[in-house]
Structure formats: C-alpha cells, structure tokens
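A.B. asks: Generate a structure from the sequence data that follows.
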Amino acid sequence: MTLGRRAFLRGAAAAGAGAGLVGLSGSATAARGAVPFHGSRQTAVLAEPARHSVVAAFDVVAENRAELTDLLKQLTARARFLTSGGAPASVGITGPPADSGVLGPEVPEGQLSVLVGAGASLFDDRYGLAARKPPKLKQMPTFPDDALDPQWCHGDLSLVLNAAEPDTVLHALRDIARSTRGGMQLRWKIDGFTSPPRPAGTPRNLLGFKDGTANPGPSEADSLVWTDDGGSYQVVRLIRMLVEFWDRVSLSEQENMIGRRRDTGAPLDGAAEQDVPRYAEDPIGTVIPLTSHIRLANPRTPQTDGQRILRRAVNYDRGVDSNGNLDMGLVFTCYQRDLEQQFEAVQKRLAGEPLTDYVSPFGGGYFHLFPGVTDPADHYGRALLG
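C.D. replies: So this is what the prediction gives:
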C-alpha cells in the first residue's frame, strides 16, 4: 500500500472512532425496532428483515495484516456510529464534509442494522490467516440448477444493511465505502425490499407466496444458528425469478410446486399459515406432492430436524435485461451452524424440483459472520486477528 493510501485508511479510522463516540453520547434508549450494536453476537441475524436492505460483498485490498486490522477497526467504528446515530464529526471549513448529508445534519438513532462476515478468500496467504479459517467455511460451490455469474459471486467480506427507509441503507453504504476505500473495494451489491404482510403474517416474495413461514424460533438459535465462537455461517443466494413465465402457470400448479395456498400461506392440507403439514398422513403426496418445495426443504422428520436453517429473504428488482425481460427475484440469505449439514443438505434435496424451471440462481457466496462487538474497545475480527 502506498503511503498516501495507508495514511487515508489510518486517518479515516481515527476520524471514524471519534464519530462513533459522538453517536454513543446520545440517548441510551434505542429507537423503536432498533437492534443493539454491542453484544457477544451479531443479533441482527434474529431480527425480521426490514423494509429496505443492501447486501454486498467486498474485496480486501489492504496489503498486510496490520492494514487489515485497521480496516476492520474502521468498519466497526462506522457501523457503530451509523447504528447509534448522532452528529458527524466536524472537519472544519477546508475539508470535505464528514457525512453526505443525505439524512440531514444528524444521523437518526437506531434506524439501521449491520451484519459483517468473512469469506473463505480472506484466509488465503495474504494475511497469514489460513490456520484461523472457521472450520466449516469454504467457497460456495455451483449447484446443479445454478447459472452463476462470477462477477456476482464470493468476496472477502460480506455486508448486510437493513433499515425502514431506502435512504438510510444507501447513506450507510456510501459512508462505509468512502471510509474504507483504502482497505476494501466493492465487488458486488444488490438492493432488496420486503412488502408489508398482506394480509397478516409472513411477507410475500415476487412469486406471490409467503416466504419464511417455518423458520426456527429464537429458542432454537443456539442449536441451529450460532457457532461456538458466537458467529454464524451465512449463505447468500441471488435468485432470479422468471416471473413472466411463472405468471402463465395455473394457480393450482403453482400451489402444488410450493406446497402452500397462495392466498393464506397455509399448507395444502391446512387452513392457516402456521398449520404444520401432516406428511405422515399423506405418505404418497396425494395432497402435498412429494416434489413440492416445502416438503423437500423440510421433510419434518427426526433425521432432518437438525438441518433446518434460519431464512432471511428479501425481494430485488433490477429493471429490464437486454432481451426486454423483467429482471427481478430474491436475495436469499440464511444462517446456520454448519454449511454442509444444514444448507447444503437442504439444497441437495431441492435439486431438480419443479420450481427450478422458474428460478435461476446467478450469484452469492458463503461467509462466516464475525462474533459480535462486545464494547466500544472491541472490533470485528479482533479474536481472529489476535
């Protein structure tokens, strides 16, 4: 790294730390729906998706381990300030503003949540971290029904931003990208959104079906979500939905492919969204087909109970492709203790399901969420870096 770039990164870290203290000096009462920043785990994992989000991956360009440490300290300082809120640091009249001003003169308190993870590529020979790679972390493979675009895959670091308003997540992304420019560069990013539940219950995806009904509850997080170090394995899958073809399929065929009613979200053998499918009473799939998505994803047997994942999915809309087709779909993320025993076990059961004719995964990656930032002196990756 050149002296100028090194000075930029170190100077930004110092400024970011000061800005974070400004945010912490405000009210100790979090805004409604706020996710606490400090803690032994990144508990934003357990929060329901907000109305707007950004999911992004970065390539780290820091030249050595010391500069990587500076980068993670700076990333922590910005995340702490952006989630806590407050007035940006004053830089005088000669320098560029410390903040874009998109949210006004002060960053609102408790409006944003942040998740940060590390990809397998961070543990190559650049920073001497190979021996410290989380034991289950690897690069996301290509599955049989994928059409992966390398430009939309993998990354050294992952970043998930969630907020109620789109300007909040875009403000945060700009802030982080500017403050960390000397240490990491954006590899890919996609904007996501969720819809209000219509009617009550779980929000819908762009196929029109409720998405995330059978997630494990908070009491199951220790056995299904969190790793022993307080992290979690994160899967990101960018899935295009071929909605113009889907919209030509009969409703009964759509429901058989999913295994649920489109209007209520109830399983095909139930009356309400939260009803548990009675697979044992339907062994040959007369009511809920054996090839339906919900039956393959979660057969509800003692053998597959530990394979469940915490799903967090949002919709995306990228406009129109070069052939004039709508480019929209799902930004699927999930969290678990073990990639192979949970996500990949589910993915293998879903291979070749009827729904694959209407969806096309094109990007994403595997990451390991850092343990939480415990206090103002802590930072992402501190235990990893020693």
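
A.B. asks: Tell me where the model's unsure across this protein.
C.D. replies: 1-33 (pLDDT under 70).

A.B. asks: ranges for the helices of it?
C.D. replies: Applying DSSP state H to the chain gives helices spanning 3-24, 65-84, 166-179, 221-224, 243-246, 251-258, 293-297, 345-350, 382-385.

A.B. asks: Which parts of the stretch 201-350 of the chain are strands?
C.D. replies: If you assign secondary structure with DSSP state E, counting those that start in this stretch, the strands in the stretch 201-350 of the chain sit at 232-241, 310-320, 326-336.

A.B. asks: and if you look at the stretch 51-200 of the chain?
C.D. replies: Counting by DSSP E, counting those that start in this stretch, the strands of the stretch 51-200 of the chain are 52-60, 112-118, 157-163, 184-193.

A.B. asks: Let me have those in CSV, extended by mean neighbour count and distance to A66.
C.D. replies: All C-beta spots, glycine's among them, are computed from the backbone N, C-alpha and C. Below are the strands of the stretch 51-200 of the chain laid out as CSV (neighbours: other C-beta atoms under 10 Å; distance: least, C-beta to C-beta, whole Å):
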stretch, mean neighbour count, distance to A66
strand 52-60, 23, 13
strand 112-118, 26, 17
strand 157-163, 26, 17
strand 184-193, 19, 15
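
A.B. asks: Reformat those as TSV; add distance to Y335.
C.D. replies: Converted to TSV, the strands of the stretch 51-200 of the chain look like this (distance: least, C-beta to C-beta, whole Å):
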stretch	distance to Y335
strand 52-60	13
strand 112-118	9
strand 157-163	11
strand 184-193	16
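
A.B. asks: Out of those strands, flag the one nearest Y127.
C.D. replies: With respect to Y127, and counting by C-beta to C-beta, the nearest of the strands of the stretch 51-200 of the chain is strand 52-60 at 8.2 Å.

A.B. asks: Which strands and helices lie in contact with that closest one?
C.D. replies: Counting contacts by 3 or more C-beta pairs under 8 Å, 6 or more residues apart in numbering; DSSP states H and E, strand 52-60 packs against strand 157-163, helix 166-179, strand 184-193, strand 326-336.

A.B. asks: so what strands line up beside it?
C.D. replies: strand 157-163 (antiparallel), strand 184-193 (antiparallel) (DSSP bridges).

A.B. asks: Minimum distance to S232: which of the ones you listed has it?
C.D. replies: Per C-beta to C-beta, nearest to S232 of these: strand 157-163, 11.6 Å.

A.B. asks: Look up how far S84 lies from V276.
C.D. replies: 41 Å (C-beta to C-beta, to the nearest Å).
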